[in-house]
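S.K.: quick check, what structure comes out for this input:
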Amino acid sequence: MLFGVVIFGGQYNHLIIKNLRNLGVDVIQIPFSQIELFEKPDCVVLGGGPQSVIDNSEELSQVIKIIPTLRKPILGICLGFQVLSASLGGKVVKSNRPEYGLTEIQIDNNDTILDGIPRKFNAWESHSDEVLVQPENFDILARSTNDIIQAISNEKRGIFGVQFHPEVKHTRFGVKVFSNFISYCKK
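M.R.: Here you go, the predicted structure:
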């Protein structure tokens, strides 16, 4: 099984790859500008990055257009979560409450991606935009204490998103997010 990590230039993308490899899966890097490669892996992880969905850049617009056509499990992280949400009809806005550093996450629904994680845990954040409204047919799984959506899922489609950074060591139970995603992909 091959996992593709879409690289948006975020400072933590190498840690996503490291975490996945440490969990025993094969991983390739896919520059976000090479959308023709999105079909190659069996499962896709959309990493973080400094761009903003709100800016509507040409390259991000191409990614937003291709996401709904992919028929494979997807996990979006930070910017990847925002790209995923925007591509499937959610609403992304400039946040009035940007989050940076450790933030308390409160889980309301331990769906597949958050299975086995305590109801409250600390996670690393680094974002100034937020998903204000999740895409249709997606469940909100968790919010921060600032009431910002932190995790969503559409388990039927195999699409998951987290605003926080599970790949960073400061995020408690971050590796569990990746192992849950891998388990879903292997079904």
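
S.K.: send the alpha carbons of the worst-scoring helix or strand of the chain on mean pLDDT over as CSV?
M.R.: Least confident element among the helices and strands of the chain, by mean pLDDT, DSSP states H and E: helix 58-66 (a mean of 92). C-alpha atoms of helix 58-66 as CSV (Å, rounded to 0.1, in the frame of the first residue of the first chain):
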residue,chain,number,x,y,z
GLU,A,58,-3.9,29.3,-9.3
GLU,A,59,-2.0,26.3,-8.0
LEU,A,60,-4.2,25.8,-4.9
SER,A,61,-7.3,26.2,-7.1
GLN,A,62,-6.0,23.2,-9.2
VAL,A,63,-5.7,21.1,-6.0
ILE,A,64,-9.2,22.2,-4.9
LYS,A,65,-10.6,21.1,-8.2
ILE,A,66,-9.0,17.6,-8.2
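
S.K.: what's next to it, contact-wise?
M.R.: 6, 32-33, 35, 38, 46, 51, 53, 83, 86-87 (Cβ atoms under 8 Å, 6 or more residues apart in numbering). For the C-beta atoms, the positions are set from N, CA and C on the backbone; glycine is no exception.

S.K.: just give me how far it sits from the chain centre.
M.R.: 16 Å (Cα atoms, centre = their mean, to the nearest Å).

S.K.: same question for that helix: list its buried residues.
M.R.: 60, 63-64 (16 or more other Cβ atoms under 10 Å).

S.K.: no further questions, thank you.
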